[in-house]
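Enquirer: How does the following fold in three dimensions:
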Amino acid sequence: LAMVVTMPVGRALAVVCACSLWTLGTASPVSTFSAVPRLMPLRGGGDKLRRQLSHEDLKSEVVGEADTAGARFFAKDVHEGEHRSLWHDLPLFEVDPKDGKPTGALNFVCEIPKWTRKKFEIATKEPMNPIKQDEKKGQLRTFKKGDIYFNYGCFPRTWEDPDFVHPEVGVGGDNDPLDVCEIGLRQIPTCQVRPVKVLGVLCMIDEGEADWKVVVIDREDEWAKVLHDIDDVQRLLPGTLDVIREWFRTYKVPDGKPENKFALGEKFMPRSYALSVIHETHNAWARLVRTNVEEAQEQVKAAEKSPSAKPAAQNRKFTMKRNLSVPALNALKQVETSLVSDEAALASALAKAKID
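Expert: Prediction:
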């Protein structure tokens, strides 16, 4: 946790937002992990409710015809009946709804179930960020290599910043949420969120960009009781990590592309290293959001000076940053109010994720 203690105050302030709710804050800063959950107006709801968005609050809703370019998997809030962004609305760290404290698990968004090959991904360029099947030259993409052997998805509230060059990797990020490989026994459906335990991480270099792959296991999987770090996976489930690495090395070869390369000597790094990567991408997401807060505020000021432009500016719900759809104006003001100057909150979540 030295990285939390020694990091600049501004960076700590930014990253803590990802440990908090996507909600309108109170007048005074309060830690998300306080013993008593705050009363808060949830986005899209008029009443104040004592709850925090969790995997249990969401169900998948498919809009559009299956197996078409227009099909979208939305995360629907079962209480509010509204769609939520799996990238921005869902917290990275799972918290206990009873006391608001971190459980030690992280929320994993499954895009591609194991034993399938349709290339689903979060639509980072679309409002509410539904999951869609990727396209190339007008054709829906599938893995020509065949079915994937693990549940594949991402962590919410993370972003691999192209401008951040990791000192041990030497290249910037791929402009997407942080990728996750879940190695449990069950098949997790597309758009389902599961609490997971972090085990390690692999760094793939994809067309000159860092593309981290975090290895996790579903908290309720039987193997989660004995898998605590990446060495446990190698010892108890021999061959599992090799399968993951070789999948990513060769999955583009059937498309006529060369094999992918890996940084860090092609090694799977341990749990502590993986948490540092999660921390950095978490922080990057916070910077992305804060930048849009500032831009949105400038747009409001400009609109106030021009009555004809004011209604259009106020009604904008999303802005584009790096060609990404990021909530704007009122939604971002809610995020800004949750940037709590409380390093202990982030330290608590990271510490809890390090222990079993």
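Enquirer: in which helix or strand would I find the nearest residue to L90 once chain neighbours are set aside?
Expert: With Cβ to Cβ, 6 or more residues apart in numbering as the measure, P156 is the residue that lies nearest to L90, at 4.1 Å, once sequence neighbours are left out. Backbone N, C-alpha and C define where each C-beta goes, glycine included. Of the helices and strands defined by DSSP states H and E, none includes P156.
Enquirer: now the one 3 residues further on
Expert: Applying DSSP H and E as the criterion places W159 outside every helix and strand.
Enquirer: Identify the residues contacting the residue lying closest to it once chain neighbours are set aside.
Expert: Distances taken as Cβ to Cβ, 6+ apart put W285 closest to W159, at 4.1 Å, once the chain neighbours are dropped. W285 sits next to 18, 157-159, 177 when contact means Cβ atoms under 8 Å, 6 or more residues apart in numbering.
Enquirer: Please apply the same query to D176.
Expert: Per Cβ under 8 Å, 6+ apart, neighbours of D176: 124, 154, 159-160, 211.
Enquirer: Highest neighbour count among the residues you listed?
Expert: Highest neighbour count within these: W159, with 30 neighbours (other Cβ atoms under 10 Å).
Enquirer: longest single strand anywhere in this protein?
Expert: strand 193-206 (DSSP state E).
Enquirer: C-terminal to that one, what's the next element?
Expert: strand 209-218.
Enquirer: Give me the buried stretch members for the helix or strand following that following strand, please.
Expert: Downstream of strand 209-218, the first helix or strand assigned by DSSP H and E is helix 230-236. Residues of helix 230-236 classed as buried by neighbour count (16 or more other Cβ atoms under 10 Å): 230, 232-233.
Enquirer: Just give me the closest of the residues you listed to G81.
Expert: Distance to G81 across the buried residues of helix 230-236 (Cβ to Cβ) is lowest for V233, with 40.0 Å.
Enquirer: ok, now how distant is that closest one from D179?
Expert: 17 Å (Cβ to Cβ, to the nearest Å).
Enquirer: what do you get for K119?
Expert: Distance of K119 to D179, computed by Cβ to Cβ: 13 Å.
Enquirer: now do E220
Expert: With distances taken as Cβ to Cβ, E220 is found 22 Å from D179.
Enquirer: Which of those two has more residues huddled nearby?
Expert: Using other Cβ under 10 Å as the criterion, E220 and D179 rank with D179 on top: 22 against 13.
Enquirer: Surely the more buried one touches E209?
Expert: No: using Cβ atoms under 8 Å, D179 and E209 do not qualify as a contacting pair, with a distance of 11.9 Å.
Enquirer: lowest-pLDDT helix or strand in this structure?
Expert: Lowest by mean pLDDT, DSSP states H and E among the helices and strands of the chain is strand 40-41, with a mean of 32.
Enquirer: Need the pLDDT of the spatially most central residue of the chain.
Expert: Centroid-nearest residue in the chain: P156, 1.9 Å away (criterion: Cα atoms, centre = their mean). pLDDT for P156: 93.
Enquirer: pretty sure it is touching P91, no?
Expert: Yes: P156 is in contact with P91 according to Cβ under 8 Å; the separation is 6.9 Å.
Enquirer: where do the contact lists of the two overlap?
Expert: Common neighbours of P156 and P91 (Cβ under 8 Å, 6+ apart) are N107.
Enquirer: and which of the contacts of D176 is nearest to L350?
Expert: For the contacts of D176, the nearest to L350 is W159 (17.8 Å; Cβ to Cβ).
Enquirer: which sections of the stretch 51-200 of the chain are below the confidence cut-off?
Expert: 51-52 (pLDDT under 70).
Enquirer: make it 90
Expert: 51-57, 79-80, 88-91, 94-103, 127, 137 (pLDDT under 90).
Enquirer: just the stretch 201-350 of the chain next, same as before
Expert: Those would be 282-350, if you go by pLDDT under 90 across the stretch 201-350 of the chain.
Enquirer: Which strand or helix spans the residue nearest to W159?
Expert: Assigned by DSSP H and E, W285 falls in helix 271-305.
Enquirer: got it, and I244?
Expert: For I244, the element it lies in under DSSP H and E is helix 240-250.
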